[in-house]
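# Sharing a model that was predicted from the sequence below.
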Amino acid sequence: MTLSPDAAGWQRRTLLKAFAGGLAGLSLFEASMLLPAYAADAAQWPAEAFKQKSEADALKIFYGKSAEASDKVNLDAPEIAENGAVVPIAVASTLPNVTSIALLVLENPFTLAAAYKIPEGTQPAVANRLKMAKTTKVVAVVESNGKLYTATKEVKVTVGGCGG
Amino acid sequence: MLRKLLLVGALALGAAHSALAADKVDPKAEFKAFRDYFVGRFPKVPLDDFVNGPYSMDAGLRKQWKAIEEFPPYDFAVDKGKEMFAKPFANGKTYGDCFPDKGVGIRQNYPYFDAKSGQVITLELALNQCREANGEKPLDYVKDDMAALTAYMAFTSRGKRFDIKISDDPRALAAYRKGEEYFYTRRGQLNFSCASCHVQSAGNHIRTEVLAPALGIMAAMPIYRSEWGSMGTISRRLVTCNSQVRAAPLKPQDELYRDVEYFLTYMGNGLPVSGPGARP
Amino acid sequence: MASTIRVRAVAGADTTEVQSLIQHPMDSGFVKDSAGQLIPPHHIEVVQFEHGGKTVFTALWGPAVSKDPYLKFSFKGAKKGDDLKVSWVDNKGASDSLVAKIQ
């Protein structure tokens, strides 16, 4: 079907409606028209997982399983963070068929810091910058062939990364 | 090293106590003593690398800094500064009309001593003078728009070598001397001088940070500090530094602060502009 | 108003490396303002990268991601001149998107 000349405005209004009432408030058609324009959709954000306060709970809620340590997960984190507000962290893995990578900061108020979905064709590696409230273990979790593998490093934080 | 430090310190204090006779102020000799002190104390640091402050001194910090520099947080400020620079004032003129070379690639010449007004002109002061001369309100000296402008101007000057001039004009020499004296004078509850940290303790740790050497310390300005979560100009750093030693700070761009900038930037002559910079 | 998204995407022999920097306060909700009041959480929740109609990377972010967040990843199948779309949405429902050319 052809879009009317006011397609852009229509998409905008539909988007506002979606963010007001959630994607469930839209018809399938409206939702499908939205996705090409604003693909990042809040519906896929795992709110419960981001509220967990322990490694085990975060893994259980986000992945539904537990993990084992692996030397095929490479976690690059500084020994002493220059500033806890901006700690460069990178993860890479030689494991096959990686579908996601997650980062847990154990001493933070909420353990799960970030999670990344890795579709086929995308390298199993990511670099980002995280906040750490204090000296903490950082756990990198890699999902490969449906199983979870981890690497852990301790990062010393003197001046807290949360403005204190 | 200690002897050189005492020499430089003595020169400063000695000259300050005597009348500010021009023949007692020898910036060239002090420049050499200052540089020799740092090069002697840190023989493994390549001279140009001093402009990277703490990152020239600590491998762990340097690695984190390099990661941040891959896509630095001051990028937004540079873009904003570029936009601001291009946008004409209400009267149709632009910032470029106030500066040599349309304001591009000139950071290394600031500050300078202006014979006409008899004072040190910093880049920030010049920018606000430009605004006021063209009917615009002056900007806050400490951050935001001013930091965006100076970030852009520093960026266009990266790699150019600082070339601060101190002529025989006794007023220029007096400004240099006043700045130098401020730098070496202890103040505040903590009773530290700028030199306490940036000369005597340069390269040492203060919590997780490493104290930057005073040599070339102006080169990375303005800076995005993780501590601030935003950009800050030289004024911002001088004011917060005073507060951190529990001394009453001067007003941003106070004449004395400008004299300090004059002295410190001159001491970094020949080193390359590395700003804008990212710091902890 | 300028986009909040900065992207650098460079196509190599095998993979395209993508780096992005997004302007966003990423307030965690744990920091107090000068009046002693907690600044409420305000952070990006999802960032999506698309190429050729396919999602090539998705970031799910919590409040522990740093201010002005950075990301780097690589993917296969793109070439110089292709479009890469980046979009984000935050916990307040705000969003932004950008289409960048792969270099």
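Happy to help now that I have it. Numbers count the residues shown, from 1 in each chain, chains lettered A, B, ... in the order given.

# residues in contact with C:Asp82?
C:Ala11, C:His51, C:Gly52, C:Lys101, C:Ile102 (C-beta atoms under 8 Å, 6 or more residues apart in numbering or on different chains). For every residue, glycine as well, the C-beta is placed using N, CA and C.

# among those, who's most crowded?
Of all these, C:His51 has the most neighbours under the rule other C-beta atoms under 10 Å in any protein chain shown, reaching 22 neighbours.

# pretty sure that one is touching C:Lys76, no?
No. The criterion here is C-beta atoms under 8 Å, and C:His51 misses it with C:Lys76 at 9.9 Å.

# on that earlier part again, just name the closest of the contacts of C:Asp82 to A:Ala133, please.
Set against A:Ala133, the nearest of these by C-beta to C-beta is C:His51 (36.0 Å).

# need the contact list for that closest one.
Contacts of C:His51 by C-beta under 8 Å, 6+ apart are C:Thr16, C:Phe75, C:Gly77, C:Ala78, C:Asp82, C:Asp83, C:Leu84, C:Lys85, C:Ile102.

# Show me which residues of chain A are close to chain B?
Within chain A, the residues that sit near chain B (C-beta under 8 Å from any C-beta of the partner chain) are A:78-83, A:85-88, A:90, A:127, A:129, A:156-159, A:163.

# try 7 Å this time
Neighbours of chain B within chain A, by C-beta under 7 Å from any C-beta of the partner chain: A:Pro78, A:Glu79, A:Ile80, A:Ala81, A:Glu82, A:Asn83, A:Ala85, A:Val86, A:Pro88, A:Thr158, A:Val159.

# Most neighbours among the residues you listed, which one is it?
Neighbour counts for these peak at A:Ala81, which has 32 neighbours (criterion: other C-beta under 10 Å).

# so that residue makes contact with A:Thr158?
No. A:Ala81 is beyond contact range of A:Thr158, at 8.0 Å (criterion: C-beta atoms under 7 Å).

# and for these two, which residues touch both?
Listed as contacting both A:Ala81 and A:Thr158 by C-beta atoms under 7 Å, 6 or more residues apart in numbering or on different chains are B:Thr208.

# In space, not sequence, find me the middle residue of chain A.
A:Ala115 (2.1 Å; C-alpha atoms, centre = their mean).

# Would you verify that that residue is located in a strand?
Yes. Under DSSP: H, G, I helix; E, B strand; the rest coil, A:Ala115 falls within a strand.

# so how far is chain B from it?
20 Å (C-beta to the nearest C-beta, to the nearest Å).

# For that residue, name its beta-bridge partners.
Note on A:Ala115: beta-bridge partners A:Ala102, C:Leu60, judged by DSSP bridges.

# thought it was touching A:Leu104?
No. Between A:Ala115 and A:Leu104 there is no contact, the gap being 9.5 Å when judged by C-beta under 7 Å.

# how many other residues sit next to the spatially closest residue to B:Leu127 that is not a sequence neighbour?
Among residues not flanking B:Leu127 along the chain, B:Leu149 sits closest, at 5.6 Å (C-beta to C-beta, 6 or more residues apart in numbering or on different chains). For B:Leu149, the count of nearby residues is 27 (other C-beta under 10 Å).

# is it fair to say B:Leu149 lies in a strand?
No. Using three-state DSSP, the assignment for B:Leu149 is helix, not a strand.

# Show me what the host helix or strand of B:Lys28 is packed against.
Per DSSP states H and E, B:Lys28 falls inside helix B:27-41. Contacts defined by 3 or more C-beta pairs under 7 Å, 6 or more residues apart in numbering or on different chains; DSSP states H and E place helix B:27-41 against helix B:2-17, helix B:255-267.

# B:Leu256: what's it in contact with?
B:Leu256 touches B:Lys178, B:Tyr182, B:Leu250, counting by C-beta under 7 Å, 6+ apart.

# hmm, try it at 6 Å
B:Leu256 is in contact with B:Tyr182, B:Leu250, counting by C-beta atoms under 6 Å, 6 or more residues apart in numbering or on different chains.

# Ok, A:Arg129 next?
Neighbouring residues of A:Arg129 by C-beta under 6 Å, 6+ apart: A:Val86, A:Pro88, C:Ser66, C:Tyr70.

# Break down the stretch 1-150 of chain B into its strands, ranges please.
B:112-114, B:119-121 (DSSP state E, counting those that start in this stretch).

# Sketch out the low-pLDDT regions of chain A for me.
Chain A contains residues with pLDDT under 70 at A:1-39, A:159-164.

# Quick check: closest non-adjacent residue to A:Ala77.
A:Ala77's closest residue in space is A:Lys153 (C-beta to C-beta, 6+ apart), at 4.6 Å.

# Can you verify that neighbour is assigned to a strand?
Yes. Counting by three-state DSSP, A:Lys153 is found in a strand.

# Could you report the separation of it from A:Val105?
A:Lys153 is 11 Å from A:Val105, where distance means C-beta to C-beta, to the nearest Å.

# Quick check: neighbours shared by the two?
Common contacts of A:Lys153 and A:Val105, defined by C-beta under 6 Å, 6+ apart, comprise A:Val138.

# in stretch B:81-90, what's buried?
Across stretch B:81-90, burial judged by 16 or more other C-beta atoms under 10 Å in any protein chain shown covers B:Gly81, B:Lys82, B:Met84, B:Phe85.

# can you tell me which of those residues are in helices?
Counting by DSSP state H, the part of the buried residues of stretch B:81-90 found in helices is B:Gly81, B:Lys82, B:Met84, B:Phe85.

# Tell me the one of the residues you listed nearest A:Pro109?
Comparing these against A:Pro109 with C-beta to C-beta places B:Gly81 closest, at 36.1 Å.

# How about the closest one: what's its closest non-neighbour residue?
B:Tyr152 (2.7 Å).

# Pairing partners for A:Val98 in the sheet, please.
Applying DSSP bridges to A:Val98 gives these bridge partners: A:Ser144.
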